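Participant: Generate coordinates for the sequence data below:
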Amino acid sequence: MKIKTETMHFTTPLYCESGRIIEPYEIRYETYGEINEDKSNVILVCHALSGSHHAAGRYEGDRKPGWWDDLIGPGKALDTDRYFVICTNVIGSCFGSTGPMSEMYPSEEPYRLKFPVITIKDMIKAQRQLLSRLGIHHLRAIIGGSMGGMQALQFAVDYPGFADDIIPLATTYATRAWVIAFNKVAIEAIRRDPRFKNGNYNRGDFDEDGLDGLAIGRIAGHISYLSPDSMDRKFGRNYVSTDGLFELFGRYEVERYMEYNTNNFSKYFDPLSYLYIVKAINTFNLARGYDSLYEAVKRIEDRIHLISFKGDILFFPQEMEHIYKMMQRNNQACSYHCIESDYGHDAFLVEVNKFEGIISDIFKEDTI
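Facilitator: Numbering: from 1, shown residues only. Next up, the predicted model:
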């Protein structure tokens, strides 16, 4: 599989939903496969909160492949022998696209808290600019899970007919208070960590030891990404064999897992980027800018394929079912699948075998 990683530089301003602008800006993106002559075989993949443009394949020395490697590649559901797959790093992230720790032109100082609040609309507007620069003015499909699914749905509403098929997984039409409450744990843990310095830290400050506030906040995220059943199955009530049961800080296996994963995460993910992206998730509302959700959904011209997961306790299946019923009433092209799973929200990343057939079927009639 041919993998290319590029950075596109833009000197024209990105006008944000807040009224602020970002100028200049950069977008890091990765492509898989080959684009055909008429550019009709392009699939856009949108990533979730902690994801990046590296969706598939391995870089030299990588311990793990890209986050959706089970789905993208030769002969897979997103078949790179037939399609040109592109995944962009969102504006605000810390993996190569312009974000809060990028230089604030013409200064060499980072934006930090001067970076504009960004929204899902801003993310897809930047992606749309990138695609236009690449000479891509129509997509075969757009697909994404969680925050990636928000982007996919926002594309369908803001740019009707831009893609043939839209495939949102494990997402919602508007972020509910339940999710905002989980995110509040991370926001406050980061803000109250003295080493965060109200955003006035330097690049590289957390490379070795991470930031405790981000690690603690990420624990709340991990809890919401799993489910009680998946935790029972994975950890049960197993105790760490080297810890004493009657030691005050002796740990169950689930506690050790949370410590290990979140501490590592806080070493490579920038805390300001985390805050900005969480804000984008919290403010997501497909109806904003339109008279109602009904009016927003009514704009959709693409075929929509909604996929939810029964054990998802972050974005509940009934949220996507609500969109499906609304589109049914409007006689819009839409399908809905609720996958039997007790894994939790992260099923869209780890249980690809349960839905890859649905995605393959969407493309089976193509003669590309």
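
Participant: where's stretch 94-108 relative to the chain centroid, distance-wise?
Facilitator: 20 Å (CA atoms, centre = their mean, to the nearest Å).

Participant: cool, stretch 3-20 as well?
Facilitator: Centre to centre, stretch against its chain (CA atoms, centre = their mean), the figure for stretch 3-20 is 17 Å.

Participant: Quick one: end-to-end distance for that stretch.
Facilitator: 34 Å (CA to CA, to the nearest Å).

Participant: can you tell me which residue is nearest the centre of the protein?
Facilitator: residue 48 (1.1 Å; CA atoms, centre = their mean).

Participant: What are the phi and psi values at the residue lying closest to that residue once chain neighbours are set aside?
Facilitator: Among residues not flanking residue 48 along the chain, residue 146 sits closest, at 3.9 Å (CB to CB, 6 or more residues apart in numbering). C-beta: built from backbone N, CA, C; applies to glycine. Dihedral angles of residue 146 (phi, psi; degrees, to the nearest 10) stand at phi 60, psi -120.

Participant: show me the contacts for residue 146.
Facilitator: 48-49, 169-171, 314-315, 345, 348 (CB atoms under 8 Å, 6 or more residues apart in numbering).

Participant: Let's see the pLDDT reported for residue 287.
Facilitator: On pLDDT, residue 287 comes in at 97.

Participant: Pretty sure it sits against residue 299.
Facilitator: No: under the criterion of CB atoms under 8 Å, residue 287 makes no contact with residue 299, lying 11.1 Å away.

Participant: Can you check which residues contact both of these two?
Facilitator: Common neighbours of residue 287 and residue 299 (CB under 8 Å, 6+ apart) do not exist.

Participant: Does residue 196 touch residue 270 like I think?
Facilitator: No: assessed by CB under 8 Å, residue 196 is found out of contact with residue 270, at 11.1 Å.

Participant: about what we covered before: from the contacts of residue 146, which land in helices?
Facilitator: Mapping the contacts of residue 146 onto helices (DSSP state H) picks out residue 348.

Participant: Cross the contacts of residue 146 against strands and list the overlap.
Facilitator: residue 169 (DSSP state E).

Participant: and the two most separated of the contacts of residue 146?
Facilitator: Spanning the widest gap among those are 49 and 169, at 14.1 Å by CB to CB.

Participant: neighbour count winner among those two?
Facilitator: In this view residue 49 and residue 169 are compared by other CB atoms under 10 Å, and residue 169 has more residues nearby, 28 against 20.

Participant: Retrieve the pLDDT associated with the more buried one.
Facilitator: 98.

Participant: And for residue 61?
Facilitator: Predicted confidence (pLDDT) for residue 61: 81.

Participant: contacts for stretch 94-105?
Facilitator: 7, 22-28, 52-54, 88-93, 109-115, 126, 199, 203, 269-270, 272-273, 275-276.

Participant: could you measure residue 27 against residue 289, distance?
Facilitator: Between residue 27 and residue 289 the computed distance is 23 Å (CB to CB, to the nearest Å).

Participant: more crowded one of those two?
Facilitator: residue 27 (24 against 12).

Participant: show me where the stretch 151-300 of the chain has strands.
Facilitator: For the stretch 151-300 of the chain, applying DSSP state E, counting those that start in this stretch gives strands covering 163-169.

Participant: go on, the stretch 1-150 of the chain?
Facilitator: 3-10, 14-15, 21-22, 25-32, 42-46, 72-73, 78-79, 84-88, 139-145.

Participant: With just CA atoms, put stretch 353-368 into CSV.
Facilitator: Taking C-alpha atoms only, stretch 353-368 is exported to CSV below (Å, rounded to 0.1, in the frame of the first residue of the first chain):
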residue,chain,number,x,y,z
ASN,A,353,-15.0,-7.2,12.0
LYS,A,354,-18.5,-6.5,13.1
PHE,A,355,-19.2,-3.7,10.6
GLU,A,356,-16.6,-4.0,7.8
GLY,A,357,-19.2,-6.0,5.8
ILE,A,358,-21.7,-3.1,5.9
ILE,A,359,-19.0,-0.7,4.6
SER,A,360,-17.9,-3.1,1.9
ASP,A,361,-21.5,-3.4,0.7
ILE,A,362,-21.7,0.3,0.2
PHE,A,363,-18.9,0.1,-2.4
LYS,A,364,-19.6,-3.3,-4.0
GLU,A,365,-21.4,-1.9,-7.1
ASP,A,366,-18.5,0.4,-8.0
THR,A,367,-16.7,-0.3,-11.2
ILE,A,368,-13.6,1.8,-10.3
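
Participant: mind giving me the domain ranges of this structure?
Facilitator: According to automatic domain parsing, the chain comprises the domains 3-175+285-363, 179-279.

Participant: Deepest-packed of those domains, please.
Facilitator: Of all the domains of the chain, domain 3-175+285-363 has the most neighbours on average by mean count of other CB atoms under 10 Å, namely a mean of 19.

Participant: Now find how far off-centre it is within its chain.
Facilitator: The answer for domain 3-175+285-363 is 7 Å, by CA atoms, centre = their mean.

Participant: Tell me how far the residue nearest to the centre of the chain lies from residue 277.
Facilitator: 9 Å.

Participant: May I have the residues that are in contact with the closest residue to residue 353 other than its chain neighbours?
Facilitator: Nearest non-adjacent residue to residue 353, counting by CB to CB, 6+ apart: residue 70, 7.6 Å away. Shown in contact with residue 70 (CB under 8 Å, 6+ apart): 76, 352-353, 356.

Participant: Please flag which of these sit within helices.
Facilitator: Those of those lying in helices (DSSP H): residue 356.
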